[in-house]
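> build me a structure from this.
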Amino acid sequence: MRVKDKEQVTPEIDDLDDNYYTKTSCSLLSWGDFLCTQMENWSLKHSPLHVDVFSGSNRLESISEDSVTTERQTDLLTNFIPTLRSGEWSDIGGRPYMEDTHICIADLAKNFGCDLVSEEAISFYGEQVFDGHGGKDASHFVRDHLPRVIVEDVDFPLELEKAVTRSFMETDAAFAKSCSLESSLASGTTVLTAMIFGRSLLVANAGDSRAVLSWHGRAIEMSKDHRPCCMKERRRIEALGGFVDDGYLNGQLGVTRALGDWHIEGMKETGERIGPLSAEPELKMITLTKEDEFLIIGSDGIWDVFTSQNAIDFTRRRLQEHNDVKLCCKEIVEEAIKRGATDNLTVVVVCFHLEPPQPSVRQRGRVRRSISAEGLQSLKCLLEG
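Numbering: from 1, shown residues only. The predicted structure follows:
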């Protein structure tokens, strides 16, 4: 999570993935046209279908089942059952304190003594990331309470999307009460969780952590970065009386959704007033296929120096070399540090097969561009807005 005056601009990365290059000669397209074309193509391939999960005075949109390619729709007909294995790694990076935290639970219901009608386990992979304004209390509170709140929700597990959304809001309210009792707990955290139930993968995100799925080597983003540069988020903020100053929400925060931050005046709901900083997650659910290889969940420090496709390519190569998920996570973090990452770094990788990813062949573009991963993400936010 970003706080004004505490972030540094990341260096440019020359060796970006081929997914962001075009075969059209640079003499035929301006840089702006090039980016617009790339983003339009990306939107056509991965445009989600939106539905409202909650109703109220300020309904936020949630993403439901993904609009998939013809190949992916064909894969849905197979009787694929994922075999899960996961790894994780964290590093303090260039910060004086470690404020990232994460959790992996193989069987969510069993972990909290809940008996389900279904014999299928619900696996929970969560990452709560707090960066730079008040400490680690919010991230630890969410890590320790959110999984139990989800399990104890009346709609769990039959209406998982509704249960997860409500649990984010209830956990945020519970943290507000704890802050009123102990002012030293005042802080905030972004939250991204991934839940796997049979063949279903549900990702819930509030903040700028990111989850990326590898579909036979192709990066499919399972979450959107909630930052003020996103025009959709900016319009929501301004409709609620907030503002964006120099890329920061109300001139203070670099994210537009988070849990906590009740101590910052004007950010959260007070009485009948709804604040611009929302704890309501954006959801995305898909049905896993045999072509789905693994899921990467990373804090924003990872994505400051990796594009989504670049991270998928790097992870595939490492898994093909040694097929050790935890070692792969360690190598991702080490590579991020080599590339100049200055933030806390946390990554979780969940594989859906026991075997390493199979080699895939992608055509290489003729035009190469040099732009930082962070800059590319900001441009994508603006063009999508």
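
> the stretch 151-300 of the chain: helices as residue ranges?
160-181, 231-239, 300-303 (DSSP state H, counting those that start in this stretch).

> can you lay out those as a markdown table showing distance to Gln377?
No exception for glycine: its C-beta is placed from N, CA and C like everyone else's. As requested, those are arranged in a markdown table below (distance: least, Cβ to Cβ, whole Å):
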| stretch | distance to Gln377 |
| --- | --- |
| helix 160-181 | 23 |
| helix 231-239 | 13 |
| helix 300-303 | 7 |
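
> list just the one of those helices that sits closest to Leu277.
helix 231-239 (8.5 Å; Cβ to Cβ).

> what pLDDT, on average, does the closest one get?
Average pLDDT, helix 231-239: 96.

> quick check: the nearest residue to Ala138 once chain neighbours are set aside vs Phe168, distance?
Setting aside the residues directly before and after it, Ala138 is nearest to Gly260 in space (Cβ to Cβ, 6 or more residues apart in numbering), at 3.6 Å. Going from Gly260 to Phe168 by Cβ to Cβ, to the nearest Å gives 12 Å.

> okay, those two: which has more neighbours?
Taking other Cβ atoms under 10 Å, Gly260 and Phe168 do not tie; Gly260 has more neighbours (33 against 25).

> picking up where we left off before, highest average neighbour count across the helices of the stretch 151-300 of the chain?
helix 300-303 (a mean of 27; mean count of other Cβ atoms under 10 Å).

> what is the distance between the helix or strand just after it and the centre of its chain?
Using DSSP states H and E, the helix or strand that follows helix 300-303 in sequence is helix 308-322. Helix 308-322 has its C-alpha centroid displaced from the chain centroid by 18 Å (Cα atoms, centre = their mean, to the nearest Å).

> picking that back up, quick one, what contacts the residue nearest to Ala138?
Phe130, Ala138, Phe141, Val142, Asp172, Phe175, Ala176, Cys179, Ala186, Ser187, Gly188, Thr189 (Cβ atoms under 8 Å, 6 or more residues apart in numbering).

> now, the most widely separated pair of those residues?
Checking those with Cβ to Cβ, the most distant pair is Phe130 and Ala176, at 15.4 Å.

> residues in contact with stretch 271-280?
Contacts for stretch 271-280 (Cβ under 8 Å, 6+ apart): 54, 57-58, 60, 165, 168-169, 171-172, 206, 236-237, 240-242, 249-250, 253, 256-259, 261, 264, 266-269.

> repeat that with 6 Å
58, 60, 168-169, 172, 206, 237, 240, 242, 257, 259, 261, 267-269 (Cβ atoms under 6 Å, 6 or more residues apart in numbering).

> for ChimeraX, what selects the buried ones among those?
Entered in ChimeraX, the line below selects the buried ones among these, by 16 or more other Cβ atoms under 10 Å:
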select :60,168,169,172,206,237,240,242,257,259,261,267,268,269
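
> no more questions from me, cheers.
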